[in-house]
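> return atomic coordinates for the entry below.
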Amino acid sequence: MARMPTRRISERSGCVHVVVVGCGRVGSSLALDLTEGGHTVAVIDRNPDAFRRLGASFSGQTIAGVGFDRDRLIAAGIENASALAAVTSGDNSNIVIARVARETYGIARVVARIYDPKRAAVYQRLGIATVATVAWTTERILRRMLPDEPAVEWVDASAKVAVIERSLPPAWAGHPLTELEDPAVMRVIALSRLGAAQLPSPNAVIQEGDVVYLAVASDAMADVDARLVGPARSGGH
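Alright, predicted model coming up:
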């Protein structure tokens with residue numbers, strides 16, 4: 001398919017140009033969601049038949065070829081892109097694509113799909129955002145079958161800070177939300193009550209059934225979970 005002119009759209013407009021490498025179920029869904037959101041998208045896949053997943057009405061660009069081939073990336077508008085997603089079926093290919101995008105073209109927003117959770121953690125520490133598909137899906141299935149199991153929503157690239165979701169035990173009901181916090185270990189960033197999330201107010205009081213999202217120091221996870229079991233007796237309740 002002929003190259004479609006692209007340009008870096010102002011972040012202020014909310015629209016960007018994105019390169020998606022891999023047109024499987026994840027890549028095609030991502031590309032369609034992006035175009036529906038008003039963004040421009042170029043999809044690269046070595047198998048031209050894969051583009052059928054996008055449907056006849058897909059408004060983006062499709063390019064057949066290897067995702068880490070620089071000519072293919074340039075044809076996809078990598079030089080004008082604000083983000084790239086490497087979501088082929090191969091870990092090695094995704095890492096190579098992600099590194100070329102980051103190191104050669106200076107793309108700041110790069111995400112690589114990695115099937116091996118251990119390898120995903122390594123590259124996450126190198127500053128390449130990763131999605132360890134099997135681990136992510138399994139963890140969320142477990143959360144729905146075993147809601148009391150710990151959940152980690154996000155870990156930063158240095159693996160020093162995590163965002164976690166926790167259901168608060170009934171013992172916390174009636175206590176100020178700020179009592180949960182320890183500035184050196186964890187801070188409450190959001191509260192979900194009756195299925196609706198909200199930013200917590202300074203004077204919020206915990207109710208039974210509340211779920212909290214916490215920013216925590218990764219090396220203090222055990223301390224955090226111990227603290228969340230219930231308030232200290234000196235808490236005044």
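> ok, now how distant is residue 80 from residue 117?
33 Å (CB to CB, to the nearest Å). For the C-beta atoms, the positions are set from N, CA and C on the backbone; glycine is no exception.
> neighbour count: the two, which is higher?
Using other CB atoms under 10 Å as the criterion, residue 80 and residue 117 rank with residue 80 on top: 18 against 15.
> next, give phi and psi for the more buried one.
Per-residue torsions, residue 80: phi -110, psi 10 (degrees, to the nearest 10).
> and this protein, what are its domain boundaries?
Using automatic domain parsing, the domains assigned to the chain come out as 11-138, 150-235.
> average pLDDT for the longest one, rounded please.
The one in question is domain 11-138. Domain 11-138 shows a mean pLDDT of 86.
> how many residues are close by the nearest residue to residue 205 once chain neighbours are set aside?
Setting aside the residues directly before and after it, residue 205 is nearest to residue 176 in space (CB to CB, 6 or more residues apart in numbering), at 6.0 Å. Neighbourhood size, residue 176 [other CB under 10 Å]: 17.
> can you say which of the domains of the chain is packed in most?
Of all those, domain 11-138 carries the top mean neighbour count, a mean of 19, counting by mean count of other CB atoms under 10 Å.
> residue contacts, residue 83?
16, 18, 19, 107, 108, 109, 110, 111 (CB atoms under 8 Å, 6 or more residues apart in numbering).
> repeat that for residue 230.
169, 171, 172.
> over to residue 191?
Residue 191 touches 177, 197, 198, 199, 200, 204, 210, 211, 212, 213, counting by CB under 8 Å, 6+ apart.
> in this structure, which spans are helices?
25-36, 70-75, 91-99, 117-125, 133-145, 221-228 (DSSP state H).
> quick one: the strands in this structure, in order.
Along the chain, counting by DSSP state E, strands occupy 17-21, 40-45, 61-64, 83-86, 109-114, 129-132, 151-155, 161-167, 186-193, 196-198, 211-217.
> strand 109-114 and the first one, what's the angle between them?
I take that to be strand 17-21. Computed with axes from the mean of the first three to the mean of the last three CA atoms, to 10 degrees, the direction of strand 17-21 lies at 20 degrees from that of strand 109-114.
> which strands or helices does strand 17-21 pack on?
helix 25-36, strand 40-45, strand 83-86 (3 or more CB pairs under 8 Å, 6 or more residues apart in numbering; DSSP states H and E).
> in CSV, list the ones you listed along with distance to residue 68.
Putting the helices and strands packed on strand 17-21 into CSV (distance: least, CB to CB, whole Å) gives the following:
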stretch, distance to residue 68
helix 25-36, 15
strand 40-45, 9
strand 83-86, 9
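> nearest to residue 56, of those?
Nearest to residue 56 among these is helix 25-36; the distance by CB to CB comes to 12.2 Å.
> if you count contacts, what does that closest one end up packed against?
Counting by 3+ CB pairs under 8 Å, 6+ apart, the packing neighbours recorded for helix 25-36 are strand 17-21, strand 40-45.
> I'd like these laid out as TSV, including distance to residue 103.
Listed next are the helices and strands packed on helix 25-36 as TSV, based on distance: least, CB to CB, whole Å:
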stretch	distance to residue 103
strand 17-21	15
strand 40-45	18
